[in-house]
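1. Below are the sequence and a predicted model; questions follow.
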Amino acid sequence: MHFRKLDMETWERAPIYRHFIDDLRCVMSLTVEIDVTDFLRTLQGRDCRFYPSMIWVVSAAVNCREELRMGRDGNGEPGIWDAVSPYYAHFHQTDRRFSKLVTPYDPDFRTFYRRYLEDQSRLESCRGFDQQDIPPNIFDVSCLPWVHYKSFDMHIFDSGTWLAPVVTWGRYAENRDGRMTLPLSLNLHHAAGDGYHLCRFFSDVEDWMKQID
């Protein structure tokens, strides 16, 4: 993994970044209902599970945009990772507990899907934050499969400088037109991106859903 430190003297977004770090620290949150009808049909035809497939889709959407790959180095300096991996919640049906796991992102869907299944077996005994050696180049992913919600907001009570995106989705359900829709939410620090960047993520997700082969 490679980290490119941002040069605040030449980076065109530096004044905006400084404003939302120094003067007004805030996170934008947006929920959009996306149509997953064709995506579900594709997965059914390929005998693929929804959750790991959706993790790959949002990971691909995150990795195709620099503003969603922002983070900090060991000295707290902002920069861009060449790639980021999903740090996702895994719910254990046996005891109703969760674990937070990382499967390294791979641009090839089949490779990522296989590694995800291997990690589920290898890390089955993990609970909570048991997984060791979590890499620094991650973004957060979680799912609320029990409810088809209208909005979702994750408040992160750190120093207000966390730059990586937080992605969440709920249960998909059939709408009045007979299409299956999924509530998908993105939280993004305003220092990393603006409303344009926030909205562009959802279009990217729709595009990447078509790339499953």
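-> Now that the structure is in, tell me what you want to look at. Please read all numbers here as calculations on a predicted model, not as lab measurements.
2. Strands of the chain, residue ranges please.
-> Using DSSP state E, the strands assigned to the chain run over residues 3-5, 27-35, 70-72, 78-81, 85-92, 97-102, 138-144, 166-170, 173-174, 180-189.
3. Just confirm Ser29 contacts His189, I think it does.
-> No: assessed by CB atoms under 8 Å, Ser29 is found out of contact with His189, at 10.7 Å. In this view, the C-beta of every residue, glycine as well, is placed from N, C-alpha and C.
4. if I look at the spatially most central residue of the chain, how far off is Gly79?
-> Residue closest to the mean C-alpha point of the chain, counted by CA atoms, centre = their mean, is Val167 at 4.1 Å. Separation of Val167 from Gly79 (CB to CB, to the nearest Å): 21 Å.
5. Please identify which of Ser29 and His189 sits among more neighbours.
-> Using other CB atoms under 10 Å, the more surrounded residue of Ser29 and His189 is His189, with 23 against 17.
6. check contacts around that one.
-> By CB atoms under 8 Å, 6 or more residues apart in numbering, the residues touching His189 are Phe20, Arg25, Cys26, Val27, Met28, Thr161, Trp162, Leu163.
7. ok, Arg65 touching Asp204?
-> Yes: using CB under 8 Å, Arg65 makes contact with Asp204 at a distance of 7.0 Å.
8. So for those two, which sits in the more crowded spot?
-> Neighbours were counted for Arg65 and for Asp204 using other CB under 10 Å; Asp204 has more, 19 against 16.
9. check contacts around the closest residue to that one other than its chain neighbours.
-> Once flanking residues are discounted, Asp204 sits nearest to Ala61: 3.9 Å by CB to CB, 6 or more residues apart in numbering. Shown in contact with Ala61 (CB under 8 Å, 6+ apart): Leu68, Phe201, Asp204, Val205, Asp207, Trp208.
10. Count the neighbours of the closest residue to Pro145 other than its chain neighbours for me.
-> Nearest non-adjacent residue to Pro145, counting by CB to CB, 6+ apart: Arg171, 5.2 Å away. By the criterion of other CB under 10 Å, Arg171 has 13 neighbours.
11. Next, the contact list for Asp119, please.
-> Asp119 neighbours (CB under 8 Å, 6+ apart): Leu101, Thr103.
12. Could you check how far it is from Cys48?
-> Using CB to CB, we find Asp119 at a distance of 16 Å from Cys48.
13. about what we covered before: dump the strands of the chain to TSV, plus distance to Glu12.
-> Output for those, formatted as TSV (distance: least, CB to CB, whole Å):
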stretch	distance to Glu12
strand 3-5	15
strand 27-35	20
strand 70-72	14
strand 78-81	14
strand 85-92	27
strand 97-102	32
strand 138-144	23
strand 166-170	25
strand 173-174	42
strand 180-189	18
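14. Let's have these in a markdown table, adding mean pLDDT.
-> Below are the strands of the chain laid out as a markdown table (pLDDT from 0 to 100):
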| stretch | mean pLDDT |
| --- | --- |
| strand 3-5 | 95 |
| strand 27-35 | 96 |
| strand 70-72 | 95 |
| strand 78-81 | 96 |
| strand 85-92 | 93 |
| strand 97-102 | 92 |
| strand 138-144 | 95 |
| strand 166-170 | 97 |
| strand 173-174 | 95 |
| strand 180-189 | 97 |
